[in-house]
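> what follows is a predicted protein model with its sequence.
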Amino acid sequence: MMHSNALSTNQIMRQVIYALALGIIASYYFFGWGIIFQIVLGVATAVLVESVFLRLRKLPVKPAISDGSAVLSAVLLAISIPSIAPWWIVVVGVAFAIVFGKQLYGGLGNNPFNPAMLGYAFLLISYPLQMTTWASEFLSFGQSFDTVFNLTSVDGLSGATRLDDVKTQLSLGYLVNELRIYSISQSLVSIGFLLGGLYLIARGIIFWHIPVAFILGILITSALLFISDNQLYAPPQFHLISGGTMLCAFFIATDPVSASTTPKGRLVYGFLIGVLVVVIRVFGGYPDGVAFAVLLMNMTVPLIDTYTQPKVFGQ
Amino acid sequence: MEDYIKIVKNGLWTNNQALVALLGLCPLLAVTNNIVNAIGLGVATTFVLVASNVSVSIFRNQISKEVRIPIFVLLIASFVTIVELVMQSYFYDLYLILGIFVPLIVTNCAILGRAEAFASKNTWGKSALDGLMMGIGFSVVLIILGAVRELIGSGTLFDQSALLLGSLGDTLSITVFDDYQGTLLAILPPGAFIGLGLIVAVKNWFDQIKTI
C-alpha cells in the first residue's frame, strides 16, 4: 500500500475505508442496521484499547490513533463477522486484535500477523455458534438493536451463509446441481467490495499483484476440483463471490504490514492464500478459510521475502 | 540458615522452573486446562522432585561422573512409576485424564535439571528443601494457569474436584459466571501459550517495579 509517497498513512487508511463503503452499503441494504452497530462498536473499542495500551507503554497516543490503522482493523473485523452477532463478540474480537495482534508486537509496522484476521480467528475458534449465524433478511433498526444487544433471540431471521450451507449439504451427500448455491444479496455485497478494491488499485493505494494472484489461486484450485468432479465440488465462480473472497483479495491480503513486500513475493503470497482458502473451505472444518489462510501465509512472509529479493542492478 | 532462605527464594521466585528456567513446559501447557488437572500434576511433580533430589543427593558420592545422567533418569523413573501406580489405584479418573503426562514426568527437564545442578552437589537436607520449593514454585504456576484458563474458558473454578477429593469435591466446584458460553480458545493449546506468556510478563513486571 506504500505505493505513492505523497499519501500519509492516515490518508491511505482513509481511502481504504472509503473504498469499503460500497460493500458496507450493500450489506446494510440487504441485512439491515447490524453492520452499522458492529462498525461503531468495533471502532470505539479499537480507539479505547489502543489509547489505553499506548498510555501504558508511555507512548504518544494521538499520532498512533490518528493514523487510522486501528480504526481500519476494527472496521475490517466488524464487517467480517455476522451483522447480528451480540455486541460483546466485536468488542472482545477487536480488543484481542489490537492487544495481541498489534500492541504486544510493538505497534503498527511490527505485527507479523494481520490483526483483524487474528481477531477473527480468535472469535471463530472461541465462539463458533455466534460466528456462523448470519442475518437472512433485512432487519430494521429496532430488530438489529435487539439482536446485537441480546434482548431477543434471532431465530427465524437468521441462518447460515450459502458457503456454510453448501458445505453442509455436500457433506450430507447432496449433489451440486440439487443445491441453491447463489445468494443475490451475498453476491452483491461481494461485488461492492470488488468495486471498492478496483478503486484502490486505480488510485495506486494497493498493488495489483496480491489481488490478481489471490483470485487466480482460488480460480485454479477450485477449477481443478470442479473438473475432477462437478457434482461433489462447487464451481469456481461460487468460490469467487462467496464468503470473504473479495474482501480478502483487496482489503485483507493486501495489508502492507503483514504481506510480502517484493513484487514476485506478492504473487506467490497472494496465490498461495487463494489455494489455501479453497482447500480449507472444501476440506477443512470451518465454513470459510480466509482468516486461517491469511494467518498461515503471514507466517511464511519472511521466507518468501528472502527468496524473492530482486537482484541489485549490476550484480 | 541464609543458605536455606536462598533456596526457598530461588525455588519460588528467582529461579522458578516454569517462569524463569522455562523448563517442563510440555506438561505445563498440556494439562492446565483446569485447576484440578493442574493440582494433580503439580502434586505428582513435586513429590518426584523431592524424592529424586533426596536420593540423588544421598548417592552423589557413589555415582560416577560418567554415567550420572542415566542413573539420575533411572532414579526419577522409579519415583514416577510409584506416583503412576498410586494414582492408578486411588485417583483412577484423574489418572485417565492426565494420561501420558504422568509417565512423561520422567522427561520433565526441571527434575533432571535440579538433580544435576543442585542435588548432585549438596547435602540431602538442602536437596530436599530445594526439590520441595522448586516443586511448589512449579505447581503454583500450574495452578494459576489452570485457574485462568478454566475461568476464561468455561467460567468455572475447581470443576471436577471430585476426581481428587471424592464426594467432598462436588461442593467445591464453583460456577463463577452463570450462563457463560465459554471462550474455547483459552482451553485449547494457544490459550496455554498466551496465558503462560502473560504470567511470565507479570512476574517480570513485579521484578522491574522492585528494582526501581
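Cool, the structure landed. Here the structure is a predicted model, which means the values were calculated and not measured.

> chain B contacts on the stretch 101-250 of chain A?
Counting by CB under 8 Å from any CB of the partner chain, the positions of the stretch 101-250 of chain A adjacent to chain B are A:122, A:125-129. For glycine as for every other residue, the C-beta is placed from the backbone atoms N, C-alpha and C.

> closest to chain B among the residues you listed?
residue A:126 (4.3 Å; CB to the nearest CB).

> can I assume the closest one is in contact with residue B:185?
Yes - at 4.3 Å, residue A:126 counts as touching residue B:185 under the criterion of CB atoms under 8 Å.

> spatially nearest residue to residue A:210 (excluding sequence neighbours)?
Leaving aside its sequence neighbours, residue A:210 sits nearest to residue A:270 (CB to CB, 6 or more residues apart in numbering or on different chains; 3.8 Å).

> residues contacting residue A:224?
Contact partners of residue A:224, counting by CB atoms under 8 Å, 6 or more residues apart in numbering or on different chains, are absent.

> grab the nearest non-local neighbour of residue B:56.
Leaving aside its chain neighbours, residue B:56 sits nearest to residue B:119 (4.1 Å; criterion: CB to CB, 6+ apart).

> pretty sure the residue nearest to residue A:210 sits against residue A:218.
No - checked against CB under 8 Å, the pair residue A:270 and residue A:218 is beyond contact range at 9.9 Å.

> neighbour-wise, which of those two wins?
The residue with more neighbours, out of residue A:270 and residue A:218, is residue A:270; 29 against 26, by other CB atoms under 10 Å in any protein chain shown.

> quick revisit: so the residue nearest to residue A:210: helix, strand or coil?
Classification of residue A:270 using DSSP: H, G, I helix; E, B strand; the rest coil returns helix.

> contacting residues around the nearest residue in space to residue B:184 that is not next to it in sequence?
Nearest residue to residue B:184, sequence neighbours excluded (CB to CB, 6+ apart): residue A:126, at 4.7 Å. By CB under 8 Å, 6+ apart, residue A:126 lies in contact with B:182-186.

> wait, which of those residues is closest to residue A:112?
residue B:185 (18.7 Å; CB to CB).

> contacts for the helix or strand that contains the closest one, please.
Secondary structure from DSSP states H and E places residue B:185 in helix B:184-187. Residues outside helix B:184-187 that contact it (CB under 8 Å, 6+ apart): A:122, A:125-128, B:33, B:148-150, B:152-154, B:191, B:195.

> before we move on, what about stretch B:112-128?
So stretch B:112-128 is contacted by B:3-4, B:7, B:17, B:21, B:23, B:49-50, B:52-54, B:56-58, B:60, B:63, B:68-69, B:72-73, B:75-76, B:130-131, B:134 (CB under 8 Å, 6+ apart).

> buried members of those residues into ChimeraX, please.
Paste this into ChimeraX to select the buried members of those, with burial taken from 16 or more other CB atoms under 10 Å in any protein chain shown:
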select /B:7,17,21,23,49,50,52,53,54,56,57,60,63,68,72,73,75,76,130,131,134
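
> rewinding a little: ok, the residue nearest to residue A:210 to chain B distance?
26 Å (CB to the nearest CB, to the nearest Å).

> over to residue A:246?
Counting by CB to the nearest CB, the gap from residue A:246 to chain B is 28 Å.

> need the pLDDT of that residue.
On pLDDT, residue A:246 comes in at 92.

> show the contacting residues for it.
Residues near residue A:246 by CB under 8 Å, 6+ apart: A:23, A:190-191, A:193-194, A:197, A:240.

> name only those of the residues you listed that count as buried.
By 16+ other CB under 10 Å, the contacts of residue A:246 give A:23, A:190, A:193-194, A:197, A:240 as buried.

> output these in TSV; the columns should cover secondary structure.
Output for the buried ones among the contacts of residue A:246, formatted as TSV (three-state DSSP):
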residue	secondary structure
A:23	helix
A:190	helix
A:193	helix
A:194	helix
A:197	helix
A:240	helix
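
> lowest-confidence helix or strand of chain B?
Lowest by mean pLDDT, DSSP states H and E among the helices and strands of chain B is helix B:162-165, with a mean of 70.

> next secondary structure after it?
strand B:174-175.

> what helices and strands are in contact with that next one?
Using 3 or more CB pairs under 8 Å, 6 or more residues apart in numbering or on different chains; DSSP states H and E, the elements in contact with strand B:174-175 are strand B:156-157.

> other SSEs contacting the strand it packs on?
Packed next to strand B:156-157, using 3+ CB pairs under 8 Å, 6+ apart, are helix B:124-154, strand B:174-175.

> quickly run through the sheet partners of it, with directions.
Sheet pairing for strand B:156-157, assigned by DSSP bridges, gives strand B:174-175 (antiparallel).

> run through who's touching the partner strand.
B:155-158.

> what packs against the least confident helix or strand of chain B?
Counting contacts by 3+ CB pairs under 8 Å, 6+ apart, helix B:162-165 is packed against helix B:35-58, helix B:92-98.

> residues of chain B that sit close to chain A?
Near chain A, when you scan chain B using CB under 8 Å from any CB, you find B:181-186, B:188, B:190, B:194.

> what helix or strand is the nearest residue to residue B:48 once chain neighbours are set aside located in?
Spatial nearest neighbour of residue B:48, chain neighbours left out: residue B:79 (4.7 Å); criterion: CB to CB, 6+ apart. Here residue B:79, judged by DSSP H and E, is contained in helix B:68-90.

> assign the residue at the greatest distance from the centre of chain B to helix, strand or coil.
Taking CA atoms, centre = their mean, the residue of chain B most remote from its mean C-alpha position is residue B:179, at 31.9 Å. Three-state call for residue B:179 (three-state DSSP): coil.

> for it, grab phi and psi.
Dihedral angles of residue B:179 (phi, psi; degrees, to the nearest 10) stand at phi 60, psi 30.

> pull stretch B:53-65 out as CSV, backbone CA atoms only.
C-alpha atoms of stretch B:53-65 as CSV (Å, rounded to 0.1, in the frame of the first residue of the first chain):
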residue,chain,number,x,y,z
ASN,B,53,16.6,-34.8,44.8
VAL,B,54,17.0,-36.6,48.1
SER,B,55,18.0,-39.9,46.6
VAL,B,56,20.5,-38.3,44.1
SER,B,57,22.0,-36.3,47.0
ILE,B,58,22.4,-39.4,49.2
PHE,B,59,24.2,-41.4,46.4
ARG,B,60,26.0,-38.5,44.9
ASN,B,61,29.4,-39.8,46.1
GLN,B,62,28.8,-43.3,44.8
ILE,B,63,27.6,-42.3,41.3
SER,B,64,30.5,-42.0,38.9
LYS,B,65,30.5,-38.8,36.9
